[in-house]
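Peer 1: What shape does this take:
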Amino acid sequence: MAIRNQMATRSLDGDMTVDEFKEWLRRFDVNHDGRINREELRCAMRTIRTRFSGYKSKRGIDYADANGDGCIDDSEVDGLIDYAQKSLGLRIVAY
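Peer 2: Numbering: from 1, shown residues only. All right, here's what the predicted structure looks like:
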């Protein structure tokens, strides 16, 4: 698994499943509304030591936020997964 917990760093040699990615992301939903906002995503990115996490979190929200509400919900997570693979170098697999 590429990310083990909130304090883990990115592993370049392992894969993470979609379910593992979603579970990891849920840990950062501090207001428990079922959505990830820009600040929550920024905190998540910092745990994998992503440089410029504020900028990249804004880009991630903009990339995946299909309805334009400024948050990522369950229906938009696939877009965030696509962004994480393309822009952050995470390897997320279906199994």
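Peer 1: what about residue 45, is that helix, strand or coil?
Peer 2: Using DSSP: H, G, I helix; E, B strand; the rest coil, the structure places residue 45 in helix.
Peer 1: List the contacts of residue 94.
Peer 2: Going by C-beta atoms under 8 Å, 6 or more residues apart in numbering, residue 94 touches 17-18. C-betas here are computed from N, CA, C, even on glycine.
Peer 1: Now the phi/psi pair for it, please.
Peer 2: For residue 94, the backbone dihedrals (degrees, to the nearest 10) come out as phi -80, psi -30.
Peer 1: Ok, residue 59 next?
Peer 2: Main-chain dihedrals, residue 59, degrees, to the nearest 10: phi -60, psi -40.
Peer 1: now residue 52
Peer 2: Main-chain dihedrals, residue 52, degrees, to the nearest 10: phi 60, psi 50.
Peer 1: quick one: it from residue 46, how far?
Peer 2: The gap separating residue 52 from residue 46 is 10 Å, by C-beta to C-beta, to the nearest Å.
Peer 1: quick one: which of these two has more around it?
Peer 2: With neighbours defined as other C-beta atoms under 10 Å, residue 52 and residue 46 compare such that residue 46 has more, 15 against 11.
Peer 1: and residue 32, that one's in a strand?
Peer 2: No - looking at residue 32 with three-state DSSP, it is coil, so not inside a strand.
Peer 1: gap between it and residue 43?
Peer 2: 14 Å.
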